[in-house]
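Engineer: Sharing a model that was predicted from the sequence below.
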Amino acid sequence: MKIEVTIPSTRLMEKPVKMYTSYFLLAGILLISVLMPPFHEGGFTVCLFKNAFSIPCPGCGMTRAILFLGHGDICEAITLNPNSLLVFLIIGCLWLNKTIQIFTGKSVKVQLTHNERIMVYVMSGFLMITVWIYNLALNPWV
């Protein structure tokens, strides 16, 4: 794995709308997770998979888990969806990278070798299948 700080090319600087849009989208997700009170039960679901097949998908419970993480309740978030901590950390890192990019003009870039990418894909697939089994068999909230 190689992590480097680079100065973006002029091509990237020509598209500030895209950069600011992603920055404010990520900031909005983090802000909503802190401001909106977490909850367990809702009147409806927006999950297309659950609406179509009446079974929870691997991502079911993720929105509510992100709300619990925004309020510091890690145990409840992991109960709702074990991948939520990883997703929350990724959102935070992406937001931090965009913040660095906007204020300093530099960007943090992580480059993975071919074998490292394959390992990330395999681990992601394993986590997704494991969470899906958990949601189907054990999760009381989805």
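Structural biologist: Done, it's in. Numbers count the residues shown, from 1 in each chain.
Engineer: rest of the way, CA atoms for contacts and neighbours
Structural biologist: OK.
Engineer: Please identify the helix or strand for the most centrally placed residue in the chain.
Structural biologist: In the chain, the centroid-proximal residue (Cα atoms, centre = their mean) is Val87; its distance is 3.0 Å. Using DSSP states H and E, Val87 sits within helix 84-104.
Engineer: buried stuff in that helix?
Structural biologist: By neighbour count with 16 or more other Cα atoms under 10 Å, helix 84-104 contains the buried residues 84-85, 88, 91-92, 94-99, 101-102.
Engineer: taking the mean pLDDT, what do you get for that helix?
Structural biologist: Averaged across helix 84-104, the pLDDT comes to 91.
Engineer: what's that helix in contact with?
Structural biologist: Taking contacts as Cα atoms under 8 Å, 6 or more residues apart in numbering, the residues outside helix 84-104 that touch it are 19-20, 22-23, 26-27, 30, 62, 65-66, 69, 74, 77-78, 106-108.
Engineer: now, which of the residues you listed lie within helices?
Structural biologist: Using DSSP state H, the members of the contacts of helix 84-104 that fall in helices are 19-20, 22-23, 26-27, 30, 62, 65-66, 69, 74, 77-78.
Engineer: Can you lay out the residues you listed as JSON lines showing neighbour count and pLDDT?
Structural biologist: Putting the ones in helices among the contacts of helix 84-104 into JSON lines (neighbours: other Cα atoms under 10 Å; pLDDT from 0 to 100) gives the following:
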{"residue": "Met19", "neighbour count": "16", "pLDDT": "80"}
{"residue": "Tyr20", "neighbour count": "14", "pLDDT": "86"}
{"residue": "Ser22", "neighbour count": "15", "pLDDT": "88"}
{"residue": "Tyr23", "neighbour count": "19", "pLDDT": "89"}
{"residue": "Leu26", "neighbour count": "19", "pLDDT": "91"}
{"residue": "Ala27", "neighbour count": "19", "pLDDT": "92"}
{"residue": "Leu30", "neighbour count": "19", "pLDDT": "92"}
{"residue": "Met62", "neighbour count": "21", "pLDDT": "88"}
{"residue": "Ala65", "neighbour count": "30", "pLDDT": "90"}
{"residue": "Ile66", "neighbour count": "27", "pLDDT": "93"}
{"residue": "Leu69", "neighbour count": "22", "pLDDT": "94"}
{"residue": "Ile74", "neighbour count": "17", "pLDDT": "93"}
{"residue": "Ala77", "neighbour count": "25", "pLDDT": "92"}
{"residue": "Ile78", "neighbour count": "19", "pLDDT": "91"}
